[in-house]
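*Asks:* Fold the following.
(one chain, ligands or ions: 2)
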Amino acid sequence: MAGPRPVVFSGPSGAGKSTLLKKLIKEHENVFGFSVSHTTRNPRPGEENGRDYHYVTREAMQAAINNGEFIESAEFSGNLYGTSKAAVQAVQAKNLICILDIDMQGVKNIKKTDLSPMYISIQPPSMEVLEKRLRDRNTESEESLQKRLHAANVDMELSKEPGMFDVVIVNDNLEDAYKNLKQALLEEINKVKKAKASS
Ligand SMILES: Nc1ncnc2c1ncn2[C@@H]1O[C@H](COP(=O)(O)OP(=O)(O)OP(=O)(O)O)[C@@H](O)[C@H]1O
Ligand SMILES: Nc1nc2c(ncn2[C@@H]2O[C@H](COP(=O)(O)O)[C@@H](O)[C@H]2O)c(=O)[nH]1
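*Replies:* Ligands and ions are numbered 1, 2, ... in the order given. The predicted model follows:
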């Protein structure tokens, strides 16, 4: 696939990936584009079909996966999630840095492809803070919350594996985490700006 090098963001549910990514894309809308995933979960209040996710039935998504339309897919907290080839191509066709927000299974599966992204892990300062953020977000049932906390424990262990991520950012203070994120991406941001200026 052509275009600038994509960036994969991963980390436990509630660590702050969406919060940081929304800030990043808003500040650099000519540089980054979001790969809109498919999911079988229901939209949350304020989420929009086609912007936050493509909300689909399990049957439709499974059929599309079987048809080879996805780069990767995973079952997470009782729902299917996946990155379609079309979602990535739509961003790369605009010569933007394609951002993928995916779970740890997605990271492992992307590593088997030729996408060759930069891998960034967003981690919470502690499990206690993570649980508080997820509870305060008020988006999960108790069952879903417990599944996400369990996945977070596994995720936080796997993230420590050498070579799994290029950059690990602990999202304690939001402004500090955002500053670290921009610093980690500075070279790629400048490359895209330069290419756009000379085209
Ligand atoms: N540094 C921070 N300090 C305090 N609250 C934060 C911080 N970063 C994010 N939050 C809040 O924590 C909650 C979880 O953040 P967010 O939804 O961005 O996480 P996420 O990693 O994208 O989760 P998911 O994987 O479930 O989509 C949100 O309510 C957000 O406003
Ligand atoms: N493997 C994939 N994981 C994905 C994808 N899109 C999102 N996600 C991850 O799912 C969880 C839960 O997300 P939520 O929006 O329900 O809170 C989170 O860790 C996301 O990173 C995907 O296409 N593939």
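
*Asks:* all contacts plus neighbour counts: C-alpha atoms, from now on.
*Replies:* Fine.

*Asks:* quick one: contacts for the nearest residue to residue 109 once chain neighbours are set aside?
*Replies:* Once flanking residues are discounted, residue 109 sits nearest to residue 72: 6.1 Å by C-alpha to C-alpha, 6 or more residues apart in numbering. Residue 72 sits next to 82-84, 106, 109-110 when contact means C-alpha atoms under 8 Å, 6 or more residues apart in numbering.

*Asks:* Endpoint to endpoint, stretch 9-17 covers what distance?
*Replies:* One end of stretch 9-17 sits 7 Å from the other (C-alpha to C-alpha, to the nearest Å).

*Asks:* do that stretch and ligand 2 meet at all?
*Replies:* Yes. Stretch 9-17 lies within reach of ligand 2 by C-alpha under 6 Å from any ligand atom, at 10, 12-13.

*Asks:* Just give me the closest of those residues to residue 145.
*Replies:* Nearest to residue 145 among those is residue 13, at 9.3 Å by C-alpha to C-alpha.

*Asks:* give the contact list for that closest one.
*Replies:* For residue 13, the contacting residues are 134, 148-149, 152, by C-alpha under 8 Å, 6+ apart.

*Asks:* One more: residue 30?
*Replies:* residue 96.

*Asks:* Quick check: phi and psi at it.
*Replies:* Dihedral angles of residue 30 (phi, psi; degrees, to the nearest 10) stand at phi -90, psi 0.

*Asks:* can you start the count at 2 instead of 1 from here on
*Replies:* In the new count, where the first residue is 2, that last one comes out as residue 31.

*Asks:* so how far is residue 41 from it?
*Replies:* 30 Å.

*Asks:* just the strands in this structure please.
*Replies:* Ranges of strands in the chain, per DSSP state E, are 8-11, 33-35, 39-40, 55-56, 71-77, 80-85, 98-102, 119-124, 168-171.

*Asks:* got these as JSON lines, with mean pLDDT and distance to ligand 1 columns?
*Replies:* Listed next are the strands of the chain as JSON lines, based on pLDDT from 0 to 100; distance: least, C-alpha to the nearest ligand atom, whole Å:
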{"stretch": "strand 8-11", "mean pLDDT": "98", "distance to ligand 1": "8"}
{"stretch": "strand 33-35", "mean pLDDT": "97", "distance to ligand 1": "13"}
{"stretch": "strand 39-40", "mean pLDDT": "98", "distance to ligand 1": "12"}
{"stretch": "strand 55-56", "mean pLDDT": "98", "distance to ligand 1": "14"}
{"stretch": "strand 71-77", "mean pLDDT": "98", "distance to ligand 1": "10"}
{"stretch": "strand 80-85", "mean pLDDT": "98", "distance to ligand 1": "11"}
{"stretch": "strand 98-102", "mean pLDDT": "98", "distance to ligand 1": "8"}
{"stretch": "strand 119-124", "mean pLDDT": "97", "distance to ligand 1": "7"}
{"stretch": "strand 168-171", "mean pLDDT": "96", "distance to ligand 1": "9"}
